[in-house]
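Colleague: Predicted coordinates and the sequence they were generated for:
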Amino acid sequence: MTNELSLALFSEHVEESFAFAHPALAGLSLQLVAVTALPDHGGPRQPFSITFRGPQAPLLPQRTYRLEHGTLGALDVFIVPVGREAGGVVYEAVFN
């Protein structure tokens, strides 16, 4: 489904939760907090980034995680921790 993912699609799900599919991360989820357009370089889709907020702990290392969403289903997303704020850890994924 990765080729079908788009800025418009994720924009419909801001403030919604994405749960981790891995048993070791059961009960943890990320909240989608922002969807941002990136400069278009003429590729097959508009590049964009999505920003999630997760709990303060555990701090998840950058890697691909399988996330599940009620509407979008299961998605393999490479997320990178990009900062901490009072509400939790901020993670980003970029789609080119």
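Modeller: Sure thing, it's come through.

Colleague: Longest strand in this protein, please.
Modeller: Longest strand in the chain, counting residues (DSSP state E): strand 73-85.

Colleague: list the buried ones in it?
Modeller: L75, V77, I79 (16 or more other CB atoms under 10 Å). In short, each C-beta sits where N, CA and C put it, glycine included.

Colleague: Also stretch 84-96?
Modeller: Using 16+ other CB under 10 Å as the test for burial, stretch 84-96 gives G88, V89, V90, Y91, E92, A93, F95.

Colleague: who touches the fifth one in this structure?
Modeller: Put plainly, it is E92. When contacts are counted by CB atoms under 8 Å, 6 or more residues apart in numbering, E92 touches S49, I50, T51, F52, I79, V80, V82.

Colleague: which one of those is nearest L25?
Modeller: I79 (12.1 Å; CB to CB).

Colleague: That closest one: what's its closest spatial neighbour, skipping adjacent residues?
Modeller: The shortest distance from I79 to any residue other than its chain neighbours is 4.3 Å, reached at Y91 (CB to CB, 6 or more residues apart in numbering).

Colleague: now do F95
Modeller: In space, and not counting its chain neighbours, F95 is closest to F48: 5.5 Å by CB to CB, 6+ apart.
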